[in-house]
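K.L.:
Build me a structure from this.
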Amino acid sequence: QVQLVESGGGLVQAGGSLRLTCVASGRTSSINVIGWFRRAPGKEREFVAGITWNGGTTYYADSVKGRFTISRDNAKNTVFLQMNSLKPEDTAVYFCATHRRSYLSSRPDEFDYWGQGTQVTVSS
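P.N.:
Sure thing, here's the model as predicted:
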């Protein structure tokens, strides 16, 4: 099993920045991709960004391209999500999740382990 713990959420004004952190523990050798997802009130969970654990290939949802950056520190089993130019519509609970498949995925049902989430609130 893999355990994931997110941190770094908070309240920020529109245009501001936050950096989210996801620390993985347990059977990290099984991880191929770590992704960030979010769930806004009344909405479905949606993909935000993903990164391959070994090669560092990144991919993003169109809604965050150019504003968010995902990165990793393998030595610390940690993935970061740098969020700049935040908008009120970015308000959501943000989750990190892992999957062990050999392809990039943005489908929540293809991710195996999930963290508890961290709240991000962007005020206008």
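
K.L.:
State the pLDDT value of L104.
P.N.:
Note on L104: pLDDT of 89.

K.L.:
My guess is it contacts G55. True?
P.N.:
No. At 10.6 Å, L104 and G55 do not qualify as touching, with contact defined as C-beta atoms under 8 Å. The C-beta positions use only the backbone N, C-alpha and C, and glycine is treated the same way.

K.L.:
and the two? which has more neighbours close in?
P.N.:
Shown here are L104 and G55; by other C-beta atoms under 10 Å, L104 has more neighbours (15 against 8).

K.L.:
ok, now which ones touch that one?
P.N.:
With contact taken as C-beta atoms under 8 Å, 6 or more residues apart in numbering, L104 is in contact with 33, 50, 52, 57, 59.

K.L.:
do that again at 7 Å, thanks
P.N.:
Going by C-beta atoms under 7 Å, 6 or more residues apart in numbering, L104 touches 33, 50, 59.

K.L.:
Can you list which of these are found in strands?
P.N.:
Judged by DSSP state E, strands contain the following of the contacts of L104: 33, 50, 59.

K.L.:
what about the first one, neighbour count?
P.N.:
Right, V33. Using other C-beta under 10 Å, V33 has 23 neighbouring residues.

K.L.:
Is it bridged to anything, and to what?
P.N.:
Residues in a beta bridge with V33, per DSSP bridges, are T52, H99.

K.L.:
Helix or strand: which one has the spatially most central residue of the chain?
P.N.:
The centre of the chain sits closest to W36, judged by C-alpha atoms, centre = their mean, with a distance of 2.0 Å. Here W36, judged by DSSP states H and E, is contained in strand 33-39.
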